[in-house]
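Q: could you work out the structure for the sequence below:
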Amino acid sequence: MLVFLLKRGTKLLSAIVNIAVVLAIISLFFWILAEIQYPFNSQIFINWGGKHYVPGFWGLHFLAQEPASFFGLQLVRNTGLYAEAPMFSFVLSVAFIFNLFYLKHSPTYYFRGIVLFATIITTVSTTGLLICFLALVGNLVMKHWDLYTRLPRRKKYYIWIGLGGLLLVGLSLIWINKVNTFQGSVSIRSDDIKAGWNSFLQSPIFGNGLGNLRAIKRLMASYRLMKGGNHGFSLGILQILSYGGVIFLAFYLIPLIMAFMRKHYVDAFVLLLVMVLLTLTIVNETPLLIFILIFMVCKELPNWRNEND
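A: Numbers count the residues shown, from 1 in each chain. The predicted structure follows:
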């Protein structure tokens, strides 16, 4: 796999982004049908958040979650192939990041970016919107960095004040929409932070054991552990810390450390965005995240530049 990534890494990345774009286009078609209230004609039984049926179209696409408010608009949540919109948003966000920073020379660069961004909006995922916002601001800064370095110090201060204000306003709007739309989700997320952090503090170096979710659950609020309660954990980085402590977390940070050591700041920023996704979403054991970590480690190896330039 290492040899394959060294020789075909960029092509593999492009293929993954293209697959995400195809899934996004298909999901957008069915999402539009749901928005115009085209009659559902199929359903599927799932056991996620309780056993229940979810409606869909022709057995190809299903709406697994209820509509949600998005800045005052009531939108159907696009869940794609997943039982929850945040998981679909995670896949789309990763594809958006890789397309934005690594596939700029592709003739379909702008088309793919627009499709991925539009689909992330239809998931009504606060995390996805946050990642897109941070990625676009970061890309803008990097694109004009050479021009920035030649500016007088006073103008640099104005730029940082402006960017800081833009970030503050953008993050505030996203957070306000989150609180107004998913009040129950915010409450559960707060309890997850408390339970995950307290579990980590019980064994901060070596953790409580890989896969030992019980160490977190027993510290959750009692109402979540009752029959029908939401006892799922939602924060990947705290689950890592609870499972294996700082030693386990260090493995996830290896590509980020390598990127900073080799002064590949674009890679470092991409990995920081991935860490945000890992912090806010329970994706620490997904194949896609594991692939990203392996891919980025290979990307920081000296031979990568020779094989993929």
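Q: so which elements touch the helix or strand where V21 lies?
A: Secondary structure from DSSP states H and E places V21 in helix 2-35. Contacting helix 2-35 under the criterion 3 or more Cβ pairs under 8 Å, 6 or more residues apart in numbering; DSSP states H and E are the following elements: strand 51-57, strand 61-62, helix 85-102, helix 109-122, helix 287-299, helix 302-308. Placement of C-beta: from N, CA and C, glycine included.
Q: next structured bit after that helix?
A: Counting by DSSP H and E, the element after helix 2-35 in chain order, helix or strand, is strand 42-47.
Q: now that next one against strand 51-57, angle please.
A: Between strand 42-47 and strand 51-57, the angle comes out at 150 degrees (axes from the mean of the first three to the mean of the last three Cα atoms, to 10 degrees).
Q: quick one: strands adjacent to strand 42-47?
A: In its sheet, strand 42-47 lies beside strand 51-57 (antiparallel), with partners assigned from DSSP bridges.
Q: I'd like the average pLDDT over the strand it pairs with.
A: Regarding strand 51-57, the rounded mean pLDDT is 85.
Q: and for stretch 33-46?
A: Averaging pLDDT residue by residue across stretch 33-46 gives 88.
Q: which of the helices and strands packed on helix 2-35 is buried the deepest?
A: Of all the helices and strands packed on helix 2-35, helix 85-102 carries the top mean neighbour count, a mean of 25, counting by mean count of other Cβ atoms under 10 Å.
Q: mean confidence for it?
A: Mean pLDDT, helix 85-102: 93.
Q: could you say what helices and strands it packs with?
A: In terms of contacts (3+ Cβ pairs under 8 Å, 6+ apart), helix 85-102 is packed against helix 2-35, helix 109-122, helix 126-143, helix 265-280, helix 287-299.
Q: pLDDT weak spots in the stretch 201-309 of the chain?
A: 227-231, 302-309 (pLDDT under 70).
Q: that older thread, can I get the helices and strands packed on helix 85-102 in CSV including distance to T79?
A: Shown next, in CSV, are the helices and strands packed on helix 85-102 (distance: least, Cβ to Cβ, whole Å):
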stretch, distance to T79
helix 2-35, 8
helix 109-122, 10
helix 126-143, 12
helix 265-280, 17
helix 287-299, 16
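Q: any idea which helix or strand carries the closest residue to M296 other than its chain neighbours?
A: Once its chain neighbours are removed from consideration, M296 has its nearest residue in P255; the separation is 3.8 Å (Cβ to Cβ, 6 or more residues apart in numbering). With elements taken from DSSP H and E, the one containing P255 is helix 236-261.
Q: can you spell out which helices and strands pack onto that helix?
A: helix 183-202, helix 214-217, helix 265-280, helix 287-299.
Q: now the helix holding V21 against helix 287-299, angle please.
A: Angle, helix 2-35 to helix 287-299, by the same axes, to 10 degrees: 140 degrees.
Q: ok so, going back, of the helices and strands packed on helix 236-261, which is nearest R112?
A: Closest to R112 of the helices and strands packed on helix 236-261, according to Cβ to Cβ: helix 265-280, at 16.3 Å.
Q: how about the nearest residue to F45, chain neighbours excluded?
A: Taking Cβ to Cβ, 6+ apart as the measure, F45 lies nearest to Y53, with 5.4 Å between them; neighbours along the chain are not counted.
Q: now the helix holding V21: buried residues?
A: 5-6, 9-10, 13-14, 16-18, 20-21, 23-24, 27-28, 30-31, 33-34 (16 or more other Cβ atoms under 10 Å).
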